[in-house]
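A.B. asks: Got a sequence here, can you model it:
(one chain, ligands or ions: 4)
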Amino acid sequence: MRVSIGVAAAVAVAASLLAGSAAAEAAPGWRDFSGPADGYGDLVVINPDSSASFFWGSGAGGLRAHPVYWGQSAGFNHFVALSDLNGDGCNDLLSRRTNGDLYREEILCSPGMGGQIETSRRLGTGWNQFNVLTSPGDMTGDGRADLIARQATTGDMYLYANEGTDLLKARGRIGTNWKLYRAVLGAGDLNGDGIGDVLAVDRNDSLWRYDGTAAGSLKPRTLVFGNRWATSRNAFVGVGDITGDGHPDVISRNAQGQLLRNSGTGTGTFRSTVKIATAGWDRYKALF
Ligand SMILES: [Ca+2]
Ligand SMILES: [Ca+2]
Ligand SMILES: [Ca+2]
Ligand SMILES: [Ca+2]
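C.D. replies: Ligands and ions are numbered 1, 2, ... in the order given. This is a model prediction of the structure:
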């Protein structure tokens, strides 16, 4: 599948030319959406009414208290944090609506305005066939964050390479029988080789890591946490670096509505679990 919108691509190219070299050279950090970019990963939540908000990473291991509301009532059911799609120096997102349409959400790139959507553009339909949509970061060696997806019926994993502007290019199957995982999350570059990596939670509540290669494939898995690490946890996000050490971290939520952090070490492992919020996070439909 190749998703392309000719006019939109032309507009995006024109916009990136107008934005000039200053914007092009300021590549924001992984999952950093705040305006201005502060280098810390940020969290997206789906509110009870299917609207969405951002929580900014604090850089001290948690999230800042007051979320930024998008002011949109569109029926979101999924988000994927991507790199800068239009070259304006601010990261962009994909969203999936409840009807299965996939949209590119262009974040307004203006100081103090981070988290506001400037342009929403439909990229394709039928994306509800996937029950995992996430980005590990760049898996093809071109610096752009790519999309991976699990087909619900087969459990097969697919890579969609981000070719810039509005192009998501199907690159083929990167895994089979991933039905054994109850969660799969893109996590950024966990082991410091510059290529995005993937985490997966199996049905025995163990956490596994798959290191990405620049050829768009995944190496054999490595156990990160056994001993039922994920018991009672129901949401997992590779949020980017929220501790300020440059290594991507992982946030999870448990059945008590608490928010938990496992800090990445930069060698593919994680430190033990730390509680970063004691209640209330069960009100959100989903975390990305
Ligand atoms: Ca940020
Ligand atoms: Ca952008
Ligand atoms: Ca890596
Ligand atoms: Ca970190």
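A.B. asks: Could you confirm whether stretch 129-144 reaches ligand 3?
C.D. replies: No - judged by CB under 5 Å from the ion, stretch 129-144 stays clear of ligand 3, getting no closer than 7.8 Å. No exception for glycine: its C-beta is placed from N, CA and C like everyone else's.
A.B. asks: So which residues make contact with stretch 51-66?
C.D. replies: Contacts with stretch 51-66, where a contact means CB atoms under 8 Å, 6 or more residues apart in numbering, come from 32-34, 38-47, 67-74, 76, 79, 95, 114-115, 239-244, 249, 259, 261, 263, 274, 276-277.
A.B. asks: what about this structure, any weak spots by pLDDT?
C.D. replies: Scanning the chain for pLDDT under 70 picks out 1-26, 71-73, 113-115.
A.B. asks: what do you get if the cut-off is 80, keeping everything else the same?
C.D. replies: Residues of the chain that meet the criterion pLDDT under 80 lie in 1-28, 35-36, 71-74, 109-118, 164-167.
A.B. asks: what residues does it put near ligand 1?
C.D. replies: Counting by CB under 5 Å from the ion, the residues of the chain lying close to ligand 1 are 32, 34, 38, 40, 42.
A.B. asks: Using JSON lines, lay out the residues you listed together with neighbour count, secondary structure and distance to ligand 3.
C.D. replies: As requested, these are arranged in JSON lines below (neighbours: other CB atoms under 10 Å; DSSP: H, G, I helix; E, B strand; the rest coil; distance: CB to the ion, whole Å):
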{"residue": "32", "neighbour count": "24", "secondary structure": "coil", "distance to ligand 3": "18"}
{"residue": "34", "neighbour count": "24", "secondary structure": "coil", "distance to ligand 3": "24"}
{"residue": "38", "neighbour count": "18", "secondary structure": "coil", "distance to ligand 3": "23"}
{"residue": "40", "neighbour count": "25", "secondary structure": "coil", "distance to ligand 3": "20"}
{"residue": "42", "neighbour count": "26", "secondary structure": "strand", "distance to ligand 3": "21"}
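A.B. asks: and the two most separated of these?
C.D. replies: Based on CB to CB, the longest span within the residues of the chain next to ligand 1 runs between 38 and 42 and measures 9.0 Å.
A.B. asks: Identify the contacts common to the two.
C.D. replies: The contact lists of residue 38 and residue 42 share 32, 56-57, where a contact means CB under 8 Å, 6+ apart.
A.B. asks: who touches the one helix or strand residue 133 maps to?
C.D. replies: In this structure, residue 133 sits in strand 130-137 according to DSSP states H and E. With CB under 8 Å, 6+ apart as the test, strand 130-137 has contacts from 30, 78, 80-83, 94, 96, 127, 145-152, 157, 178, 184-189, 195-198, 212, 238.
A.B. asks: Out of those, which are close to ligand 3?
C.D. replies: When the contacts of strand 130-137 are checked against ligand 3 using CB under 5 Å from the ion, the ones in range are 189, 195, 197.
A.B. asks: So which of the contacts of strand 130-137 sit within strands?
C.D. replies: For the contacts of strand 130-137, the ones inside strands are 78, 80-81, 94, 96, 146-151, 157, 184-188, 197-198, 238, with DSSP state E as the criterion.
A.B. asks: Report the buried members of these.
C.D. replies: Members of the ones in strands among the contacts of strand 130-137 that pass the buried threshold by neighbour count (16 or more other CB atoms under 10 Å) are listed as 78, 80-81, 94, 96, 146-151, 157, 184-188, 197-198, 238.
A.B. asks: How many neighbouring residues does residue 279 have?
C.D. replies: 10 (other CB atoms under 10 Å).
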